[in-house]
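Novice: Task: produce atomic coordinates for the following.
(chains A and B)
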Protein chains: 2
Amino acid sequence: MKLNFNEKGLIPAIIQDYKTNKVLTLCYMNKDALEETFKEGRVYVFRRSKNKLMLKGETSGNIQAVKEVLVDCENNSLLFKVEQKVAACHEGYFTCYFRQIDKDGNEKIVEKKIFDPKEEYKE
Amino acid sequence: MKLNFNEKGLIPAIIQDYKTNKVLTLCYMNKDALEETFKEGRVYVFRRSKNKLMLKGETSGNIQAVKEVLVDCENNSLLFKVEQKVAACHEGYFTCYFRQIDKDGNEKIVEKKIFDPKEEYKE
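Specialist: Numbers count the residues shown, from 1 in each chain, chains lettered A, B, ... in the order given. Below you'll find the predicted structure:
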């Protein structure tokens, strides 16, 4: 089985909570991130804005322990079922998908805030 | 709220079954696909390999009725909760993520086959 990394050397990885099946986030892995994720059993991502490999939750401590890894029918993307510590989103919600939108772009928050990012990330 | 379409004019869209919360597939939408999806209440995708707008399930009849649309914290991706007719994967499985993989790339099928693609797509 050969994964299809894109022209930037990345493959999209959907991260899902293994207990609730909530989708937590979509991230991108290069070969090193994928290798490290398998080796450590915790999600590592390739942070495109910083151009470097990072442990998801490195700053906050809210790591993701890998329970299961699945691949799509065309080897174009991955699905990680994880045990999420505290919350996945840096804005303080369990999932990054905490806003519902309608066709006019109106948004509504549909998740509870778990922590205050100002407190969590202060020096 | 302004969505971030990438340099190709696309935004990734995770499709999830609203009953089981199973992740079905990852697809890509351009502005037209998104508009059509909202208008029709059924998932339209931009098929990159064919460079055109298509109703998901157009060939098979296995359409996806939209129940809820969510956006991630950075406006970089969408999550569609849908009612999936029959099965999402053209290989006959309910979800495109029907293979579990391990660190050595070994794969194991973990979903039941719902239909035989040879029968479903024959002329």
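Novice: who does the residue nearest the centre of chain A bridge with?
Specialist: With distances taken as Cα atoms, centre = their mean, the residue of chain A nearest its centroid is residue A:25 (4.0 Å). Going by DSSP bridges, residue A:25 is paired in beta bridges with residue A:15.
Novice: Regarding residue A:39, what is its secondary structure?
Specialist: Classification of residue A:39 by DSSP: H, G, I helix; E, B strand; the rest coil places it in helix.
Novice: mind checking how far stretch A:77-87 is from the chain centre?
Specialist: Offset of stretch A:77-87 from its chain centre (Cα atoms, centre = their mean, to the nearest Å): 6 Å.
Novice: what comes up buried for that stretch?
Specialist: Neighbour-count burial for stretch A:77-87, with 16 or more other Cβ atoms under 10 Å in any protein chain shown as criterion, is recorded at A:77, A:78, A:79, A:80, A:81, A:82, A:84, A:87. Backbone N, C-alpha and C define where each C-beta goes, glycine included.
Novice: overlap between the residues you listed and the residues near chain B?
Specialist: With Cβ under 8 Å from any Cβ of the partner chain as the criterion, these include A:77, A:79 near chain B.
Novice: and of the buried residues of stretch A:77-87, the nearest to residue B:40?
Specialist: Set against residue B:40, the nearest of the buried residues of stretch A:77-87 by Cβ to Cβ is residue A:77 (24.8 Å).
Novice: Buried ones in stretch A:22-36, by neighbour count?
Specialist: Neighbour-count burial for stretch A:22-36 flags A:22, A:23, A:24, A:25, A:26, A:27, A:28, A:29, A:30, A:33, A:34, A:36 (criterion: 16+ other Cβ under 10 Å).
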